[in-house]
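**Student:** make a model of this:
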Amino acid sequence: MASYISKETLDILSYKSTLGRSLKQISLRNTPLELILEDIARYRASYIDVLV
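**Tutor:** Numbers count the residues shown, from 1 in each chain. Got it, this is the predicted structure:
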């Protein structure tokens, strides 16, 4: 039996960044590190809430 994450679970874990773009696409030169870390912290908090 193949192990996979269901679409429903992935949808629940999905997070819309407050930075307006994917973390892969933002420029570190134009975006303060503090804003990036705050966004990551928000994602982690929502992720933990889903898991618990």
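**Student:** can you give me the helices in this structure?
**Tutor:** Taking DSSP state H, the helices of the chain run over residues 7-13, 33-51.
**Student:** closest to S22 out of those?
**Tutor:** Nearest to S22 among those is helix 33-51; the distance by C-beta to C-beta comes to 10.9 Å. For the C-beta atoms, the positions are set from N, CA and C on the backbone; glycine is no exception.
**Student:** what is the neighbour count of I48?
**Tutor:** 9 (other C-beta atoms under 10 Å).
**Student:** over to K16?
**Tutor:** For K16, the neighbour count with other C-beta under 10 Å is 7.
**Student:** show me where pLDDT drops low in this structure?
**Tutor:** 1-2, 50-52 (pLDDT under 70).
**Student:** can you do 90?
**Tutor:** Applying pLDDT under 90 to the chain picks out residues 1-33, 35-36, 39-40, 42-52.
**Student:** L23: neighbour count?
**Tutor:** Neighbour tally, L23, other C-beta under 10 Å: 12.
**Student:** so who does it touch?
**Tutor:** 17, 36, 39-40 (C-beta atoms under 8 Å, 6 or more residues apart in numbering).
**Student:** which one of the helices of the chain lies closest to Q25?
**Tutor:** With C-beta to C-beta, the closest approach to Q25 among those belongs to helix 33-51: 11.9 Å.
**Student:** ok, residues contacting the closest one?
**Tutor:** Counting by C-beta under 8 Å, 6+ apart, 12-13, 15, 17-19, 23, 26, 28 sit against helix 33-51.
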